[in-house]
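*Asks:* Sequence and predicted structure below; questions after.
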Amino acid sequence: MRPMSAPGPLAIAFPVVFRIGPLALPAHLAFESLAYFLGFHIYLALRRRWSDDLSENTRWSVLAAAAVGAAIGSRALGWLDHPAEAWAHRTDVTWLLGGKTIVGGLIGGLVAVELTKRAIGERRSTGDLYALPLCVGMAVGRVGCFLGGLPDHTYGTATSLPWGVDFGDGVRRHPTQLYEIAALGMIALWIRSARPRLFARKLERGDLFRGFLAFYLAFRIAVDVLKPEARPWLGLSGIQLAGVAGLLYYARDLPRIVLGIRSRPHG
């Protein structure tokens, strides 16, 4: 039986493991599974309420592309985020397939969906229905990351702030997972408040997803300053570099989404 690390300021023994009879279920796995479950069911509920007028063929093509693109992107950005380690483990398939990043998954899914839409001739934006489910799913998943403690590698740098968390090694760190949960909650509130503007045509179709991704990427660029990550790309980590690229991709949409300044319609 693996020894548990000493409790931190929150009196939690990290990493948290749920014990059900003879079974030991890591909290990270439990919350990651719950995140997928809740995200999918929120998507289904919203689809019944918000008609997206897409054909079944288009809808399932987009979903499949998003899943494949997310799987590829999440790992590719993990390699970009740790290039020296990736090169050192270039022949280790288990290592190469192990690391995942949310930012890489989102950007990889976006690229795959856009390529698929172009291939099938779909010009309409398809992401609005996914924005709120992604917020909820990611926030729930980050609870698992927090409870996963040091082995999850999502904690922040050392801090003397009163809300610093000792994940078991005697060092109080920024609980960046909790910061992200709070940020996702605020983005979800924005999505809810922006939906009437979408139906009033003050926003364009697809702006809920564009806003969600742009706000999240901006948050990750900022919060990753508080993480003990290598920054080999002009002082940026791979995740921060991808975040900057994503914001540049949405640059012409941001004045409309954030400030209500209309831009030329997407053609």
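*Replies:* The structure has been received and is ready for your questions.

*Asks:* which SS class is residue 24?
*Replies:* Following DSSP: H, G, I helix; E, B strand; the rest coil, residue 24 is assigned to strand.

*Asks:* pretty sure it contacts residue 15?
*Replies:* No. Between residue 24 and residue 15 there is no contact, the gap being 11.0 Å when judged by CB atoms under 8 Å. The way it works is simple: take the backbone N, C-alpha and C, and place the C-beta from them, glycine included.

*Asks:* Scan the helices and strands of this structure for the one with the lowest mean pLDDT.
*Replies:* When the helices and strands of the chain are compared on mean pLDDT, DSSP states H and E, helix 93-98 comes out lowest with a mean of 69.

*Asks:* Would you mind identifying the next helix or strand past that one?
*Replies:* Towards the C-terminus, the helix or strand next in line after helix 93-98, according to DSSP states H and E, is helix 102-120.

*Asks:* Flag every buried residue along that next one.
*Replies:* Within helix 102-120, the residues scored as buried using 16 or more other CB atoms under 10 Å are 102-114, 116-117.

*Asks:* Report pLDDT for the closest residue to residue 203 other than its chain neighbours.
*Replies:* Sequence neighbours aside, residue 197 is the residue nearest to residue 203 in space, at 4.8 Å (criterion: CB to CB, 6 or more residues apart in numbering). At residue 197 the predicted local confidence, pLDDT, stands at 81.

*Asks:* Next: the one 4 residues further on.
*Replies:* Here, the pLDDT recorded for residue 201 equals 77.

*Asks:* how many other residues sit next to the residue nearest to residue 203?
*Replies:* Other residues near residue 197 come to 14 when the count uses other CB atoms under 10 Å.

*Asks:* ok, back up a step: look at residue 24 and residue 15 and report which has more neighbours.
*Replies:* For residue 24 and residue 15, the more surrounded residue by other CB under 10 Å is residue 15, and the numbers stand at 21 against 11.

*Asks:* Skipping its backbone neighbours, what lies nearest the more buried one in space?
*Replies:* residue 149 (4.0 Å).

*Asks:* neighbours of that neighbour, just the number please.
*Replies:* Burial measure for residue 149: 25 neighbouring residues, criterion other CB under 10 Å.

*Asks:* State the number of residues packed around residue 91.
*Replies:* Using other CB under 10 Å as the criterion, residue 91 is surrounded by 7 other residues.

*Asks:* let me fix that: residue 42
*Replies:* When counting by other CB under 10 Å, one arrives at 18 neighbours for residue 42.

*Asks:* do residue 167 as well
*Replies:* Here the neighbour count serves as a burial measure; for residue 167 (other CB under 10 Å) it reads 24.

*Asks:* My guess is it contacts residue 13. True?
*Replies:* No. Counting by CB under 8 Å, residue 167 does not reach residue 13; the two are 10.2 Å apart.

*Asks:* Okay, now the unreliable bits of the stretch 151-267 of the chain?
*Replies:* Across the stretch 151-267 of the chain, the ranges flagged by pLDDT under 70 are 262-267.

*Asks:* out of everything not next to it in sequence, what's closest to residue 17?
*Replies:* For residue 17, the nearest residue in space outside its immediate sequence neighbours is residue 24; the separation is 5.1 Å by CB to CB, 6+ apart.

*Asks:* For residue 34, see how far away that neighbour is.
*Replies:* In this structure, residue 24 lies at 17 Å from residue 34, with CB to CB, to the nearest Å as the measure.

*Asks:* Secondary structure class of residue 251, three-state.
*Replies:* For residue 251, the secondary structure call by three-state DSSP comes out as coil.
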